[in-house]
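1. return atomic coordinates for the entry below.
(2 chains)
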Amino acid sequence: MTTYATTPPPPIPDDVRGLGRNRGIDLDGEAGQIDADGVCAWFSGRLVLEGVTLTMEKSKVTALIGPSGCGKSTFLRILNRMHEVVPGAQLAGSVRLDGLDIYGPGQRAMETRRHIGMVFQKPNPFPAMTIAENVLAGLRFSRVSPGNKDDLIQASLTKAGLWKEVKDRLGELGGALSGGQQQRLCIARALAVKPRVLLMDEPCSALDPTSTLRIEETIKDIADEVTVVIVTHNMQQAQRVSDYCAFFLAEENQPGRVIEAGQTVTIFGGPTDQRTFDYVNGQFG
Amino acid sequence: MAPPGVLISNTSVSTGTLATRSPSHAEPLTSTLDDRSGRHPDPPTPRTLPTPIRPGGVGPQDVALISLSALASFCMVWVVFYQLTFLTGGLGFLVCWYAGFVALTWVATSQVIERQVATDRVVGILVWSAGLLIIGIVVFIVAWVIYKAVPSIHWSALFTKDQKTLTASDPNLLNHVGVLQAIIGTLEQVLMATLMGVPFAIATAVYLNEVGTGRTARLVRTVVTAMSGTPSIVAGVFIYSIFIFTGVLHYSGFAASLALVVILLPSVTRVVEEVLRVVPSGLREASLSLGAPEWRTVWSVVLPTARSGVVTAVLLGVARIVGETAPLIFTAFGSQVMNSNPFVHDQGALPLVILSNTHAAQQVLIDIAFQAAFVLMSIVLILFVLARYFSRTKSKKSGRAPASEDDLMARMFLPIPIESAPE
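-> You can find the predicted model right below:
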């Protein structure tokens, strides 16, 4: 409880929305807003990301674009405390979920990750589990009773756009699906714990165009109930799915910085910075 | 530009983009000119491709070459061995014949076909014979033990009687003597060693691969490696001097299983560690990002993914200790009477029966040794089949199993049914 004394009051009473210890999963959660303030990151003492201040609006899709090695993925991993899993990783600055500092004292990484889910570049369903078990994995890990399991499985898979394809084979192993289906299974798995924010690290880069399109549709469908932050190298994809856009760039021997951020139409239509213009028009990077 | 060896037809040169390029040598230039003059381009003509790196299928010619080489080598070595010189010995003859066979195959193939093909054939023969040699050794050992053991077995006595009534001078003793006390002893000792050693070994492997970092993990790894080099008799002497000589324990099956744990631990630890290492790190991240604590990730994701490999590791460890003899001499001590309590008194074991009877003067005792060896091998086989059966019950639910799981042999020997490579 003392955690909340030092932070701005959250918009909804904290016994429902709180991130505090042993609060379990807020199964009726709605989308959350993330504010990153002055985030810097180091790997083994080398500064890779400097002074990133960015707001990811509630119920919107924010795309992080920029050339390779500019710290987009690092920034994304900072948002749900996966950064600290890497040995030698350090960071500065603060990240707030609905006003609550996720790096604040007493905040546990596990709790944070339940509220801020993640989908990775490479589809990674758990190979030893069936499709249904994969969907329920997050709840099982956090010892939360899902209520009606079948409903939850159906709801999650439907949201991820996979239900029709797998409803008759829920008992099969997750590895038996195709790459695009596996990635949608991973999205369903992340959605099953009802996160407020879903982070996606180049979720389509290992997929074919058709699967990519399916996942983009999924992103648009879920954006109402969960804030999406997506890292992508595909400019068209960023234009298609995102409402807001942030351009990251690491100039020679410099750490990555946010060059420009704003509405996607602005970034692609009339960026103020020449470097942004060059990048989104394919002039470099 | 197209890589060498790829069929290039004239039509592709005639496309507009290529024609506008400045031609680097004469041939494309002429074809470009042909196009400009409006003549119809020549139909594509296939070009002879260079010899592929790996010559394809083995035809009758190869079979003839190889078998004739074998025959010629046999005759040549026979002449040299037994007519020109006074060499003797079957093994030397075999080695010389094999060397001559390989050499002749290379010479003949390079003369008849080509040098590259000859080298391919020779290397093929070498790796094939290595594989066949392994199979041959195993088949020979198994067949030899069966041949020596089975005819003399009295099935009614072997598994039901101990050696209480054994008198070496009795020619009919196989009617009323079996190895039951040794079977029970071996099963109990191995079971206890497995129960004590395997959880410890898996925990150590999890520490090495999932938890430990830096110098401590390196130290533990070095110690485990050094431990796997411990001679097994030293493990027996160690338990003897620590527990039995000091009077803490008596000679017993339990003391024997302690000595076996010392041998089991490092081998299982190292294999499990290797198996855990190939579990893709993406799975760990996926689990952590769902809010799972680290122990949950290991327990529910990493270990189940590596399940089949872990079972293989345990099997290898059990197979390693089930035939260990040296550590038992000072600990179980061996017994001819039934003792099913592993915590008190001397206990029999199959390896000890083999040890004490193989070099006996009486044929019946030698028969007992071979029967014990036969039972020991059967136990190992049954353990393997059982463990494999239980390790794969998980996948029964899946209508379409991962490809590597289809093949029974693959199930037996592939460590991990993961399709994706480690990152």
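
2. quick check, B:V190 in contact with B:V261.
-> No: B:V190 is not in contact with B:V261 according to Cβ atoms under 8 Å; the separation is 10.6 Å. (Each C-beta comes from the backbone N, C-alpha and C, glycine too.)

3. ok, B:V344 - contacts?
-> B:250, B:252 (Cβ atoms under 8 Å, 6 or more residues apart in numbering or on different chains).

4. follow-up on the earlier one: of B:V190 and B:V261, who's got more company?
-> It is B:V190, of B:V190 and B:V261, that has more neighbours when counted by other Cβ atoms under 10 Å in any protein chain shown, with 27 against 24.

5. look up the closest residue to the more buried one, ignoring the ones flanking it.
-> Nearest residue to B:V190, sequence neighbours excluded (Cβ to Cβ, 6 or more residues apart in numbering or on different chains): B:V322, at 5.2 Å.

6. how about the one you found, phi and psi?
-> Main-chain dihedrals, B:V322, degrees, to the nearest 10: phi -70, psi -30.

7. which ones are touching it?
-> B:186, B:190, B:376, B:379-380, B:383.

8. by neighbours, which of these wins?
-> Neighbour max across the contacts of B:V322 (other Cβ under 10 Å) = B:T186, 29 neighbours.

9. do you know the pLDDT at that one?
-> Looking at B:T186, its pLDDT is 90.

10. repeat that for the one 4 residues further on.
-> As summarised for this prediction, B:V190 has a pLDDT of 91.

11. about what we covered before: and of the contacts of B:V322, the nearest to B:T305?
-> Nearest to B:T305 out of the contacts of B:V322 is B:L383 (Cβ to Cβ; 23.6 Å).

12. skipping adjacent residues, who's closest to that closest one in space?
-> Using Cβ to Cβ, 6+ apart, the closest residue to B:L383 is B:V318 (6.0 Å).

13. and the gap between the spatially most central residue of chain A and chain B?
-> By Cα atoms, centre = their mean, chain A has its centre lying nearest to A:L199, at 0.6 Å. Separation of A:L199 from chain B (Cβ to the nearest Cβ, to the nearest Å): 8 Å.

14. which SS state does that residue fall under?
-> strand (DSSP: H, G, I helix; E, B strand; the rest coil).

15. how near is it to A:R77?
-> 8 Å (Cβ to Cβ, to the nearest Å).

16. and what of B:A182?
-> To A:R77, B:A182 is 59 Å away according to Cβ to Cβ.

17. these two: who's more crowded?
-> A side-by-side neighbour count of B:A182 and A:R77, using other Cβ under 10 Å, places B:A182 first with 28 against 23.

18. count of neighbours near residue 231?
-> No chain specified, so I'll use chain A. Using other Cβ under 10 Å, A:V231 is surrounded by 24 other residues.

19. can you look at chain B instead?
-> 11.

20. distance of it from B:A326?
-> 8 Å.

21. what of A:Q274?
-> Between A:Q274 and B:A326 the computed distance is 78 Å (Cβ to Cβ).

22. for the longest helix seen in chain B, what is the average pLDDT?
-> Longest among the helix segments of chain B by residue count, using DSSP state H, is helix B:115-149. Helix B:115-149 carries an average pLDDT of 91.

23. any idea how far it is from the chain center?
-> 14 Å (Cα atoms, centre = their mean, to the nearest Å).

24. what helices or strands is it leaning on?
-> In terms of contacts (3 or more Cβ pairs under 8 Å, 6 or more residues apart in numbering or on different chains; DSSP states H and E), helix B:115-149 is packed against helix B:60-78, helix B:90-112, helix B:363-391.

25. can you put the ones you listed in a markdown table and add distance to B:F243?
-> Below are these laid out as a markdown table (distance: least, Cβ to Cβ, whole Å):
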| stretch | distance to B:F243 |
| --- | --- |
| helix B:60-78 | 58 |
| helix B:90-112 | 45 |
| helix B:363-391 | 26 |
